[in-house]
Every structure is written in C-alpha cells, then in structure tokens.
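Trainee: sequence unavailable; structure follows:
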C-alpha cells in the first residue's frame, strides 16, 4: 500500500521552526498566521495579518466541512476519485495527489500556501511568499536563492536553488524521511520539488520521498526517473546522506 505523510485537521502543539531564522527579505514585511495546525510565515510589501487570517479561515473551513462529510479524504493514503461538487481547494488536492500517486492530504500544506498566496496577490500585492511548514508559494520580482534543508546530511544548507522571476509564481516543497513530524516511509534527508503548482510540488515531494530507500546513487537516479514521468514538475533535488541527484530546470548554487 502506498503511504505518505499524514496531516490531520486538529489542534497541534506548535513547534519552533528554526529554519525561519534564515529566511530573509529585507524589503518585505513578515506576518505570521496561526490557525490550529496551519502555521504560515508570509512575506509581503506590507503587513497582511488581517487578510491572511481571513483567507486561512476561508480555506480551512472549506477543508474541515468537506472532511466532515467525506472522512476518507482525511485518512486515505492512495489517490481518490475526483469530486465535481467539491470546493476548488479540494479538487486541486485530489488532482495533485492522483498525479503523484498519494492520498489527497499529502497536498494540504501546499494547498493552503498557494490558495492564500494567490488571494493575497489578488488584493493588489506585486510580491508575496507564503511558507507553510517548508512548503512555499513564491512570487517575487527578483531572483531568489532558496537554501535546501537536509537534516543530518553533510549537504544540509550547503546547497541552494536559484529561482528566476520568469519561473514565478512557483511552488517549492520539501519532504524528508529524517526530519519533521510528517509520516514518510523513505530515507531521504530531503526531496525538494519545483512546480508551478504548490499542491503538486507538495504531493510529489511526499510520493517521491517515499521511494528513496537508500543513499545509493542508483536508487536516487531511479526516483528521479519517476519524477520525470509526473506531468507538471519543473525539477527535483534529492539528498540522502552524502549523495545528491537533480533533474529538470534546477540551477544549483553552493552556500557557505
């Protein structure tokens, strides 16, 4: 049976997210939105606390109401049939999960990040970054470099991904079998996925992370081959121990 990180709609104990200490954008303002287990860091030209809270509640309510009448949506570890009557965020999660061969909740963090981010852009903002547990919706008017967090790997924060404005808005999501509270059957220190859809990037990071079974380069290459067959992905970076592999529109840079 295919399994992936299981994400539940229930109140959590918040954990300090140390990686946020190295997310810097001196020309943007930070807002932090926390609603139950949703914990967003938003960077925008102005403070967006009020609008961010409104949008988070909107989409959480849609998800919670749908789960109340469709409990399998919360627990399924395999793709589900599309529901034409579901709200757009649910339809998007089902579609992304089917492409990545995982359950729909594997896309929940990316879904919240993208839907909130696009709503903030619709208010007239020209730039916004929404980070939700390491899953990021990114729209900037300048080049960005994102550090890759890879747990105990010696490559942790030593490798960055350069992203051009032409690629944005874009989703950047990372799954790990060695870091964090999410369930993963894989052994990768990090699987980072770049896609125009944050939902797809989130689901694919989970699905690909599940099949990284060792730090052997042959296994890493085999997982990258699976990634190539998923429509809609721009690129993937896998780090497992001292080994790394990449495919697609990936511009890697070394970080000191």
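Mentor: Here it is on my side, so go on. Only a predicted model underlies this, so the values are computations on that prediction, with no experimental measurement involved.

Trainee: strands of this structure, residue ranges please.
Mentor: For the chain, strands defined by DSSP state E occupy the ranges 29-35, 38-44, 128-132, 135-139, 144-147, 159-163, 170-175, 190-195, 235-240, 243-248, 252-254.

Trainee: how long is stretch 93-111 from one end to the other?
Mentor: This stretch, stretch 93-111, spans 7 Å end to end (C-alpha to C-alpha, to the nearest Å).

Trainee: shaky segments in this structure?
Mentor: 1-25, 177-185 (pLDDT under 70).

Trainee: could you pick out the longest helix of it?
Mentor: For the chain, the helix with the greatest residue count under DSSP state H is helix 49-69.

Trainee: show me the contact partners of it.
Mentor: Residues outside helix 49-69 that contact it (C-beta atoms under 8 Å, 6 or more residues apart in numbering): 9, 31, 33, 35-36, 38, 40, 42, 73-74, 86-87, 89-90, 108, 111-112, 115-116, 119-120, 123. C-beta: built from backbone N, CA, C; applies to glycine.

Trainee: hmm, back to that, which one of the strands of the chain lies closest to residue 224?
Mentor: Distance to residue 224, taken as C-beta to C-beta, is lowest for strand 243-248 among the strands of the chain, at 4.4 Å.

Trainee: show me what the closest one is packed up against.
Mentor: helix 217-228, strand 235-240 (3 or more C-beta pairs under 8 Å, 6 or more residues apart in numbering; DSSP states H and E).

Trainee: for that strand, which positions count as buried?
Mentor: Of the residues in strand 243-248, 243, 244, 245, 246, 247 count as buried by neighbour count, 16 or more other C-beta atoms under 10 Å.
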